[in-house]
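Q: Build me a model from this:
(2 chains)
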Amino acid sequence: MTAEIGQAAIALSVLSALWAIGFLCVGLRLRNARAVQSGRNAVAATFFLTCISTGALIYGFVTDDFSMRYVVEVSSAAQPLLYKITALWGRMSGSLLFWLWLLTLSGVLVVWQSRKHTRDNLADYALVPIAIVQLFFILLVTGITDGVYNPLVRFPGGQVAPDGQGMNPLLQTPSMAFHPPTLYIGWISMTVPFGFAVGALASGHVGSNWILRSRRWMLFSWIILTIGITLGGNWAYRELGWGGYWAWDPVENASFMPWLLGTAYLHSVMIQEKRHMFKLWNVLLITLAFQFTLLGTFITRSGIITSVHSFAQSNVGWYFLGFILASTAGVIALIVYRRERLKSENRLESLLSRESAFVLNNWLFVGLTLIILWGTLWPILSEAINGEKASVPEAFFNQVVIIPGLLLLFLTGAGPIISWKKLTPNNFRRMFVSPLGIGVIAGALTWGFLAWRGNPMPIYSVLCSFAAVFVLAAIFSEFYRGAKLRAKRQEGSFFDGLTRLVMRNKRRYGGYIVHIGIVILYIGIMGSKGYFLLESDGLKLGESMQVGTFNLTMKDWFQERHANYARAGVVFDVEKNGRPLGEMKPARHYYEKTGQGETDTIESAIRHFGANDLYIALGDLPPNIDNGGIVNVQVYHNPLINVVWLGVAVMVLGGLVAIAEKHQPKPEE
Amino acid sequence: MFFVCARNVRRTVFGSPISLSQGSSRRWHKPGIWLFYLVLAFATAVPGARGDSSFDSQLDELMSSVYCYCGCVKETIQVCVCGTAVAVEADFRGRLNAGETVGQIRADYLETYGPQFYALMPAEGINLIAYIAPAVILILIGGVALAILLKLRKPKVATEQPRSTQVSDAAVEQIEAELEKYKQEK
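A: You can find the predicted model right below:
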């Protein structure tokens, strides 16, 4: 009965979404407050109905209702409760329902947030595109489209399966319990700023209010996407057994591209707020960022490109492509209609100014996005040109993003210290000369050191050292000067001054903290990607292998039974320079219920040594392991890999500081 | 992600930590320098790896240039830990020992399993377009950005001011310095 209630709720949500769109449009057009209120209520009703359908599906999982097709496909009786719940997004239909639930939640939050904004109808205008996006997802979830079925549907004829097939073993990890939802939340919350942009175009109020009203949504989206992408990298590092965290997989790229565009947008809106410029560009940028969240879904779901994320593929991706094209056309039509109001109100004083730095920053972010899109789609393009699907390796992306990446790193330091309107010689002398000098010294030291060591010295490492130290010097000088001044004025300590400085301008200094995090991240990437060690060998029990100063001896093997899988692995004694460090136990999990292909997972053993990791991945254990059977072992020494995670943590911290600042929209319109 | 990376290549690294150096003449810059070199020191605190023989380097070149066909996505033979990769590695070893070249063995592998298992994508033939396009994209977008900047730039006023109303460069600099100071205080 619960499933039927859920199905009815989905069917009713079609009506409520249509109601919301219709009444909001009519109410806003005719300035009828009651109709608008009815539309807002319908948005809330859609959320309520989606809660019922999502709750019904979760109930099906928890109670092992194997009369439901989706429950059978992604769950099993022995699956732990956490993974029964996370099975909600284990495959196509459920993940779309979960997406829809989050989308309706964001809609109702916009209604709730705007309850006090009676001066304008901007939020009501924004609710129209949000409700349209909701309707698109509701239609997909109803199962009327080809390639996706209603997740609450039961098997025909009252059939009940004895047990479920179980979720893909790769997804049965704690990080996979959190990685997809965080990415979804990040993507979906980008719908709200997009809704406000479209609402601003529709209402004609294209000033800065829509930016201020959606600023926290965008920052929230950025923070959550940052966390989500990193969780994905951490999952890949722990679960896929290849010792890395980023391989430019199409779906990794799909999550990274909206992040890049969102970051560009967070910078460019500052010009509109401060100088009333780039109104058109900001609308285009948020539209692009939103469309890239859907494009990611298209790439993930259509199966046009091979990816490790092949958990949910069907024809549904093509509906996404259609929706992307239709909604982009709609936005372009509105832009053309409002083109006069989108003109900049001010002019650039100089090409050497913070405004220009932001334009450069946007050029690089958008350029990087398009380059990554190009590399992601190249297999399809090459197939269309010569009939052979090229496989784009990680090295390709590393090569093509390195220059814009380093330029962006430099701008991370230059942007905050260049003055608005015009960079004067005095400003240059006071703000740039010292950080540049220190950066040059750092680059030269790096170059000299590596040349002295006899390492093949890519110029990029030198440039990265230069840029990283320049940025740190520039940002720290900003903090130092500001804190010192505040301390002097308040007659307090330097620390008091620093605290006051940050608290008084959370957005600005939160942004600077993010920049510091980015530098740390770059350093981590430089170490972990550029200077790692990999050794592979086939070992018998009792044999040893050497990785750098580490000596590993495979002394024993083990197996354990768990609720829905068996764990088998080996025990290594680890020594560093002859000093014992204890044991490491890499293993493999062999699952009994493997509905989606994989039967086992690699459970790497990872040991942290400060910023570095020793990482062991294991091949299959042979049946004759006790009698000289060989186990294939890969051992990595990953320098600075933990600096990557630290860098992201600092970035998130900076984002949280920035989001704490409240902005009151001005009554300009 | 921004480095010519070599997940698939056996690497040698530095032998001992670098010495921390102070590159700053001002006190407030020291933390940045120290932080950077401290972190960099971690990267370099890895002992040297073994030297590769010619056979090993050929095997590495081969194993890092093709993806495993076991079903894992985009893991080279060198990185993949599955049984298939072990068998392929053994086959590669045998054929290299028998005198076949890296090119011959790779060509056979790709003919058997398909060109999508080639992990290198050299910048030649049709793939040359893939390598050129990013630069073209950057230049095109950069051109558009520059055009926008030039269009938005305030036109210079060519009117000559009477000498008596002109402000000296020193005075302008002083005003700018005071303005900056005011901004900082604010």
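
Q: Could you use CA atoms for every contact and neighbour count after this?
A: Fine.

Q: Helices of the stretch 1-150 of chain A, residue ranges please.
A: A:2-30, A:33-62, A:69-74, A:81-86, A:92-113, A:122-142 (DSSP state H, counting those that start in this stretch).

Q: contact partners of the third one?
A: Okay, so that is helix A:69-74. Residues from elsewhere that reach helix A:69-74, judged by C-alpha atoms under 8 Å, 6 or more residues apart in numbering or on different chains: A:60-61, A:64-66, A:87, A:90-91, A:93-94, A:151-155, A:161, A:163-168, A:595.

Q: Any figure for the gap between residue A:78 and residue A:63?
A: Look at residue A:78 and residue A:63: by C-alpha to C-alpha, to the nearest Å, they are 12 Å apart.

Q: neighbour-wise, which of the two wins?
A: The neighbour count for residue A:78 versus residue A:63, taken as other C-alpha atoms under 10 Å in any protein chain shown, is higher for residue A:78 (17 against 12).

Q: OK, contacts around that one?
A: A:563-564.

Q: repeat that for 10 Å
A: A:64, A:84, A:163-164, A:166, A:562-565, A:592-593 (C-alpha atoms under 10 Å, 6 or more residues apart in numbering or on different chains).

Q: In PyMOL, select just the buried ones from those residues.
A: A single PyMOL command selects the buried members of those (16 or more other C-alpha atoms under 10 Å in any protein chain shown):
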select buried, chain A and resi 64+84+163+164+166+564+565+592+593
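
Q: and the contacts of residue A:78, which of them are in strands?
A: Mapping these onto strands (DSSP state E) picks out residue A:565.

Q: quick one: which two of the contacts of residue A:78 are the most distant?
A: Based on C-alpha to C-alpha, the longest span within the contacts of residue A:78 runs between A:64 and A:562 and measures 19.2 Å.

Q: Could you provide the helices of the stretch 1-150 of chain A in a markdown table, with additional columns for mean pLDDT?
A: Output for the helices of the stretch 1-150 of chain A, formatted as a markdown table (pLDDT from 0 to 100):
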| stretch | mean pLDDT |
| --- | --- |
| helix A:2-30 | 93 |
| helix A:33-62 | 94 |
| helix A:69-74 | 88 |
| helix A:81-86 | 89 |
| helix A:92-113 | 92 |
| helix A:122-142 | 93 |
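
Q: highest average neighbour count across the ones you listed?
A: Compared across these, helix A:69-74 shows the largest average neighbour count, a mean of 26 (mean count of other C-alpha atoms under 10 Å in any protein chain shown).

Q: I'd assumed residue A:374 was in contact with residue B:134.
A: Yes - proximity of residue B:134 to residue A:374 meets the contact threshold set by C-alpha atoms under 10 Å, at 7.6 Å.

Q: Please enumerate the shared neighbours of the two.
A: A:368, A:397.

Q: which one of the two has more residues nearby?
A: residue B:134 (22 against 18).

Q: Which of the helices or strands spans residue A:583?
A: strand A:579-584 (DSSP states H and E).

Q: And the helices in chain B?
A: For chain B, the helices defined by DSSP state H occupy B:30-44, B:54-63, B:83-97, B:102-113, B:127-152, B:169-185.

Q: Of those helices, flag the one that's most buried.
A: helix B:30-44 (a mean of 20).

Q: mean confidence for it?
A: For helix B:30-44, mean pLDDT rounds to 41.

Q: residues contacting the residue nearest to residue B:118 when sequence neighbours are not counted?
A: Among residues not flanking residue B:118 along the chain, residue B:66 sits closest, at 4.8 Å (C-alpha to C-alpha, 6 or more residues apart in numbering or on different chains). Contacts for residue B:66 (C-alpha under 10 Å, 6+ apart) come out as B:8, B:74-78, B:106, B:109-110, B:115-120.

Q: I'm done for today, thanks for sticking with me.
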